[in-house]
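Visitor: Predicted coordinates and the sequence they were generated for:
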Amino acid sequence: MLLVTLRGTPFLFQGEELGLADVPVAPEQVVDVDGRDPERGPIPWEPPSRAGTGAAFTTGMPWLPIDPGAEQVNAATQRDDPSSVLNLYRALLALRRAEPDLQGGELHFLEPGEPDVLAYARGERHLVALNFAPAPRRVVLASPARVVLSTRPDRAPGEQVEGQLELDADEGVVLRR
C-alpha cells in the first residue's frame, strides 16, 4: 500500500503481488553466483497439486525450486479469494489509476499521534494511514473521511471515520475526505 500510494512510479517485483516469499535454494541448485536466486523463484500460477511440480510455470522441471507454500500462494487460488494479496494489489492499482490525487497529488506527512504509524495526505482528497506495529494503533484525523480501501478484509469501503481511526496490527487504510 505504501509504494502504490506514494509519489512516483510504483515498482512491483516478481511475486510481490502474490505475497511470494524468497524461495529456499539448495547449494546444488544455485544458478546465479551473485546470490539473487531466492528472489527469482518461478511464479506459481496454479497449485502444484493441480498443475504438477512446475505449478503451471512450466510442465517440466523449473530451473529454480517452486515456493514450498505454492499450494496456497499461487495466482489461481488468490484470483478467486477476495481477501488475497493479489486482489489487494489489483484494487490498489485500480484506485491509483482512477484517482488523480494518487497519481500526481501533493504529498504531506501528517502527525499520526502514535508511534509506528505513518500517515500522509495525497492531494486534496486522500489520506493514507499505515500501522507498522504488531499491535493496534490509533490515528487522529483532522476531518471526517470515508474508507476507500484497507488491508483488513472486513473493513467496509465507505465506512465513515470521524475524529480517530483505530488501525489493526499491520493494517493500512486509504481514506477519502
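Guide: Thanks, I have it.
Visitor: hey, where'd the helices end up in the chain?
Guide: Taking DSSP state H, the helices of the chain run over residues 2-5, 48-51, 75-79, 85-98, 100-104.
Visitor: Domains in this structure, by residue range?
Guide: As given by automatic domain parsing, the domain ranges for the chain are 1-98, 105-176.
Visitor: Now that we have these, can you turn them into CSV and tack on mean neighbour count?
Guide: Any C-beta I mention is one placed from the backbone N, CA and C, and that applies to glycine too. Shown next, in CSV, are the domains of the chain (neighbours: other Cβ atoms under 10 Å):
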stretch, mean neighbour count
domain 1-98, 15
domain 105-176, 16
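Visitor: Now render the ones you listed as a markdown table, adding mean pLDDT.
Guide: Compiled in a markdown table, the domains of the chain are given as follows (pLDDT from 0 to 100):
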| stretch | mean pLDDT |
| --- | --- |
| domain 1-98 | 93 |
| domain 105-176 | 95 |
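Visitor: right, so of the helices of the chain, which gets closest to Val30?
Guide: Distance to Val30, taken as Cβ to Cβ, is lowest for helix 48-51 among these, at 22.0 Å.
Visitor: Distance from the closest one to the middle of the chain?
Guide: Distance, stretch centre to chain centre, for helix 48-51: 25 Å (Cα atoms, centre = their mean, to the nearest Å).
Visitor: Equivalent analysis for stretch 83-103, please.
Guide: 10 Å.
Visitor: next one: stretch 118-135
Guide: Mean-position distance between stretch 118-135 and its chain equals 14 Å (Cα atoms, centre = their mean).
Visitor: Put the alpha carbons of that stretch into CSV.
Guide: Written as CSV, here are the backbone C-alpha positions of stretch 118-135 (Å, rounded to 0.1, in the frame of the first residue of the first chain):
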residue,chain,number,x,y,z
LEU,A,118,2.9,6.6,9.1
ALA,A,119,0.1,8.9,7.9
TYR,A,120,0.1,11.3,4.9
ALA,A,121,-2.3,13.2,2.7
ARG,A,122,-2.2,12.8,-1.1
GLY,A,123,-3.6,15.7,-3.0
GLU,A,124,-6.8,17.3,-1.8
ARG,A,125,-8.9,14.3,-1.1
HIS,A,126,-6.9,11.2,0.1
LEU,A,127,-5.3,10.2,3.3
VAL,A,128,-3.2,7.1,3.9
ALA,A,129,-2.6,5.6,7.3
LEU,A,130,-0.2,2.7,7.8
ASN,A,131,0.4,0.8,11.1
PHE,A,132,3.8,-0.8,11.1
ALA,A,133,3.3,-2.2,14.7
PRO,A,134,2.3,-5.7,15.6
ALA,A,135,-0.4,-4.2,17.8
